[in-house]
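1. okay, sequence plus prediction incoming.
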Amino acid sequence: MGNFVRERVVVTGMGAVTPLGNDLGSSWASLVAGRSGAAPITLFDASSFAVRFACEVKSWDASRFVERKKLKEMDRFTEFAMAAAKMAVDDAALSLAEHEEERAGCFIGVGLGGLAALEAAAKTLFEKGPAKLSPYTIPRIIANLAAGQVSIAHRLRGPSYAVTSACATGAHAIGEAAEWIRRGRADVMVAGGAESTITPIGIGGFQAMHALSRRNDAPERASRPFDRARDGFVCGEGSGALVLESLTRARRRGARIYAELTGYGASSDAFHITGPASEGEGCQRAMRMALEDAGLAADAIDHLNAHATSTSIGDKAESDGILHVFGAHARDGKLAVSATKSMTGHLLGAAGAVEAIFTVLAIHTGVIPPTLNVDEQDPECPLDVVPNVARARTVHHAMSNGFGFGGTNATLVFSRLR
């Protein structure tokens, strides 16, 4: 490729569909207010399950964002992605001339793909036979159709594919999209993640792993990252999308800039299929790599949106990792650490994207979201976790972590434009 000047990457638009609201404004307002999205499951009959609650997207009407005739091609995760992307594109006031389309791409990551469509197709196959399967069965299931449908809708003719790295997916998609712009091979990228796995297999599978909280009598109290009484995560669904642009292009068109994406790090624990490495060794490397990429010392970070899912082992490992990387800056309470999954639940492949958006908004608004349900903080996680109440604070640099099964880790750093 030869020598090149690394382009700076900025965020000019954002959109989200979450258990807290069907757009970014309502989601952020609920987050800052400390409202949980957890409630009894309505998407299927969960009465026979040990876990009967989740963080569902509520009162969903996909026809607000997608033509009704197109909906037959899509599973719920793709509907969410289409909505988040449209809101992000509109928020950015993005318009592409025909000659710009080939330098605009789309990475929408998905952890599992169309699980509901797969389950429905299997039921049809076994009960009625293969002749009754819809011709849209495969397009509804496969993970890259979120990116594919978004790229079709917005004429994004540059690179389009799905990053799939379990619960680090959304963060990896954003980081990799930024790399395309940095290398000068794209000018605009729509990037993020989507997921919808609140289905019998999704809930049943995580339940079988004993990964989920079983607080059926108090769903809103179930997700409690860093709390001594945490007992597992709460399954969530939704999508987050960001419009990333080169700073050159954004300034040329007079775009509103939320923040700059200054750092990206990725690593593998190379340790276990589901458990984190001791003391968060793998996530330490991702965080250090992101700091180095951003050219920042650890004590420059004001806020960190933690992966923190509310599992006993995972929260402890991430806390250890943060303490190793940030040292006294974290131990002395100078680093404000939020665990927003305490309200959204765990959005799996969409988590890293939605949490990156929340991280950007903390910079943009000067408000750090709380960590809900911290009644008695685990003394083995001695961080300032912004317990229960949002906090006003000027944020110059912020970090967002996303980790996943298989030991995969991704870290993003966002900064006020300077």
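-> Perfect, thanks for sending it.

2. wouldn't residue 413 be in contact with residue 297 here?
-> No - the pair formed by residue 413 and residue 297 falls short of the contact definition of C-beta atoms under 8 Å, at 11.8 Å. The C-beta positions use only the backbone N, C-alpha and C, and glycine is treated the same way.

3. where do the helices sit along the stretch 251-400 of the chain?
-> Listed in chain order, the helices found in the stretch 251-400 of the chain under DSSP state H, counting those that start in this stretch are 281-294, 312-326, 328-331, 341-344, 351-365.

4. please identify which of residue 413 and residue 297 sits among more neighbours.
-> Comparing residue 413 with residue 297 by neighbour count (other C-beta atoms under 10 Å), the higher total belongs to residue 413, at 28 against 11.

5. mind listing the strands for the chain?
-> Ranges of strands in the chain, per DSSP state E, are 9-17, 39-40, 53-54, 104-110, 160-161, 188-195, 238-246, 259-268, 303-305, 336-338, 367-368, 391-392, 397-404, 408-415.

6. next, residue 45: phi, psi?
-> Recorded main-chain torsions at residue 45 are phi -80, psi 110, according to degrees, to the nearest 10.

7. separation between it and residue 199?
-> 11 Å (C-beta to C-beta, to the nearest Å).

8. sorry, back to before: shared neighbours of residue 413 and residue 297, anything?
-> When C-beta atoms under 8 Å, 6 or more residues apart in numbering defines a contact, the residues bordering residue 413 and residue 297 alike are residue 291.

9. which of the strands of the chain sits most buried?
-> Using mean count of other C-beta atoms under 10 Å, the stretch among these with the greatest mean number of neighbours is strand 188-195 (a mean of 34).

10. now that strand: how far from the chain's centre is it?
-> Centre-to-centre, strand 188-195 and its host chain are 10 Å apart (C-alpha atoms, centre = their mean, to the nearest Å).

11. ok, how many other residues are close to residue 45?
-> Number of residues near residue 45 (other C-beta under 10 Å) recorded here: 10.

12. cool, and residue 157?
-> The burial count assigned to residue 157 is 17, neighbours taken as other C-beta under 10 Å.

13. residues in contact with it?
-> Residue 157 makes contact with 101-102, 104, 151, according to C-beta under 8 Å, 6+ apart.

14. do that again at 7 Å, thanks
-> Residue 157 sits next to 101-102, 104 when contact means C-beta atoms under 7 Å, 6 or more residues apart in numbering.

15. repeat for residue 6
-> Residue 6 sits next to residue 182 when contact means C-beta under 7 Å, 6+ apart.

16. what about stretch 108-118, start to end distance?
-> Start-to-end span of stretch 108-118 (C-alpha to C-alpha, to the nearest Å) is 20 Å.

17. just the residues contacting that stretch, thanks.
-> By C-beta under 7 Å, 6+ apart, the list of residues contacting stretch 108-118 from outside reads 75-77, 81, 137, 140-143, 146-147, 150, 162-164, 166-167, 169-170, 172-173, 192-197, 199, 201-202, 241, 348-349.

18. buried ones only from those residues, please, as a ChimeraX command.
-> Buried members of the contacts of stretch 108-118, identified by 16 or more other C-beta atoms under 10 Å, are gathered into one ChimeraX selection as follows:
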select :75,76,77,81,137,140,141,142,143,146,147,150,162,163,164,166,167,169,170,172,173,192,193,194,195,196,197,199,202,241,348,349
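
19. in JSON lines: the contacts of residue 157, plus distance to residue 257 and pLDDT.
-> Conversion of these to JSON lines gives the following (distance: C-beta to C-beta, whole Å; pLDDT from 0 to 100):
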{"residue": "101", "distance to residue 257": "22", "pLDDT": "98"}
{"residue": "102", "distance to residue 257": "24", "pLDDT": "98"}
{"residue": "104", "distance to residue 257": "17", "pLDDT": "98"}
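
20. state the distance from residue 306 to residue 151.
-> According to C-beta to C-beta, residue 306 and residue 151 sit 32 Å apart.

21. and residue 389, by the same measure?
-> Computed as C-beta to C-beta, the residue 389 to residue 151 distance reads 41 Å.

22. likewise residue 35?
-> Following C-beta to C-beta, the distance that separates residue 35 from residue 151 is 34 Å.

23. of those two, who's got more company?
-> A count of neighbours by other C-beta under 10 Å puts residue 151 above the other of residue 35 and residue 151, at 24 against 15.

24. ok now do that one, which residues does it touch?
-> Residue 151 neighbours (C-beta under 7 Å, 6+ apart): 106, 160.

25. distance-wise, check residue 159 relative to residue 250.
-> 19 Å.

26. those two: which has the busier surroundings?
-> Taking other C-beta under 10 Å, residue 159 and residue 250 do not tie; residue 250 has more neighbours (24 against 18).

27. go ahead and confirm residue 336 touches residue 301.
-> No - taking C-beta atoms under 7 Å as the contact criterion, residue 336 and residue 301 are not neighbours in contact, 9.4 Å apart.

28. and residue 128, how many neighbours?
-> Around residue 128 there are 10 other residues, counting by other C-beta under 10 Å.

29. quick check: chain neighbours aside, which residue is closest to residue 231?
-> If the residues on either side of it in the chain are set aside, residue 231 comes closest to residue 213, at 5.0 Å by C-beta to C-beta, 6 or more residues apart in numbering.

30. now do stretch 60-74, average pLDDT.
-> Per-region confidence: stretch 60-74 scores 96 on mean pLDDT.

31. check which residues of it are buried.
-> Of the residues in stretch 60-74, those buried (16+ other C-beta under 10 Å) are 60, 62, 65-66, 70-71, 73-74.

32. out of those residues, which is nearest to residue 188?
-> Distances from residue 188 to the buried residues of stretch 60-74, taken as C-beta to C-beta, are shortest for residue 65 (20.1 Å).

33. ramachandran angles for that closest one?
-> phi -120, psi -20.

34. report how many residues lie close to the closest residue to it other than its chain neighbours.
-> What sits nearest to residue 65 in space, not counting adjacent residues and going by C-beta to C-beta, 6+ apart, is residue 83, at 4.0 Å. Here the count is done by other C-beta under 10 Å, and residue 83 has 26 residues near it.
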